[in-house]
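*Asks:* Prediction below, plus the sequence it came from.
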Amino acid sequence: MIENLNIYLDTKKRIVIKIGTRILLDREGKPSLSAFKRICEFSSSLIRQGKKVILVSSGAIAAGRSLLNINPAIDTFSIPEKQAFASCGQAILMRNYDACFKKYSIKTAQILLTKDDISVGKRFTNARNTIYELLNHGVVPIINENDTVSYEEIKFSDNDHLSALILNLVCADMFVILSDVNGVYDKNPAIYKNAKSVKIIDNIKTYVKNFKESSKNSYGTGGMKSKLYASLIASINGIDTIIISGKSKKSLNSFINGKYTGTFIPSSVNKINPKNTDFYLL
């Protein structure tokens, strides 16, 4: 079955892109400028197609640890230590995003949120109004958890969960999760060479319940199960999710050109029949 993703994408006008920590780091655990360039090129291409793009970017803690020359193999830091790392790292993230988006004459703005900012009515409205105003001026909002005053991400959750909550905040109609692997597999592709990619997940609730995580890392707080849980929240709210590789320029370019090799998770509200869809599945 070969159909056109472009027809589907034409209906999507406001896209939240979640960027995991490992997408932005090199093999030594340091921020990779080439990774930022890749993400900004991808985002700018969507903007040229008339999309409003909101980034939810992890990576501040890892960037701060790198700046302070803290061994990335150690993960026994206290919450105040991680908050300090994040404080240092936020400046690095924004400096890199700003420099890379500048090539496309796109301005950026940093927005740091806590869970209360999304759950308390007046704060929710203020945050939404700010983001809408930025989008109206062609500015890309780059959102992260405000780790210096909130420990929700560090202690309890992660930016996958935050990005899922932001979908409602910005009235998004599409959720793109950039992973360090090209979508969801039936088993861990880093361990099993015969792992097979999962093209479409129809019942995300059941899939999350039965999914077993077998990978760990010392940089980010979320794994694939965390991403699937975020997709579940999106699905419940009527928003489709695509999980693709953020480390592969080929995968990102394929998406822009109307093709992809990742995993599609349709909304449970507006269910898409895989046999009758404008998707291009490879």
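*Replies:* Everything's here; your move. Residues are numbered from 1 along each chain as shown.

*Asks:* Let me know the secondary structure of Tyr192.
*Replies:* The three-state label given to Tyr192 by DSSP: H, G, I helix; E, B strand; the rest coil is coil.

*Asks:* Quickly note the distance from it to Ser226.
*Replies:* 20 Å (Cβ to Cβ, to the nearest Å). Every C-beta, even on glycine, is put in place using the N, C-alpha and C of the backbone.

*Asks:* And for Lys115?
*Replies:* Taking Cβ to Cβ, one finds Lys115 at 16 Å from Ser226.

*Asks:* starting at the chain centroid, how far to the biggest helix by length in the chain?
*Replies:* Selection of the longest helix in the chain by residue count, based on DSSP state H, yields helix 79-102. Relative to the centre of its chain, helix 79-102 is centred 16 Å away, using Cα atoms, centre = their mean, to the nearest Å.

*Asks:* Quick one: distance of the helix or strand that comes right after that helix to the chain centre.
*Replies:* Scanning forward in sequence from helix 79-102 by DSSP states H and E, the next helix or strand is strand 108-113. Averaging C-alpha positions (Cα atoms, centre = their mean) puts strand 108-113 15 Å from its chain's average.

*Asks:* if we can go back for a sec, can you name the residues in contact with the longest helix of the chain?
*Replies:* With contacts defined as Cβ atoms under 8 Å, 6 or more residues apart in numbering, helix 79-102 is touched by 24, 31, 33, 36-37, 39-41, 43-44, 55, 57, 59-68, 70, 77, 107-108, 110, 112, 140, 142, 144, 147-148, 151, 154-155.

*Asks:* between Tyr192 and Ser226, which one's more packed in?
*Replies:* Counted by other Cβ atoms under 10 Å, Tyr192 and Ser226 do not tie: Ser226 has more neighbours, with 21 against 12.

*Asks:* follow-up on the earlier one: now the longest helix of the chain: mean pLDDT?
*Replies:* What helix 79-102 shows for mean pLDDT is 94.

*Asks:* Contact partners for Thr11?
*Replies:* Asp173.

*Asks:* now the helices for the stretch 51-200 of the chain?
*Replies:* Under the criterion DSSP state H, counting those that start in this stretch, the stretch 51-200 of the chain contains helices at 60-67, 79-102, 115-119, 121-136, 159-169.

*Asks:* in the longest one, what's buried?
*Replies:* For helix 79-102, a neighbour-count test (16 or more other Cβ atoms under 10 Å) marks 81-86, 88-90, 92-94, 96-98, 100-101 as buried.

*Asks:* Lys209 and Leu232, how far apart?
*Replies:* Going from Lys209 to Leu232 by Cβ to Cβ gives 9 Å.

*Asks:* Pick out whichever of the two has more residues nearby.
*Replies:* Between Lys209 and Leu232, Leu232 has the larger neighbour count (other Cβ under 10 Å), namely 20 against 10.
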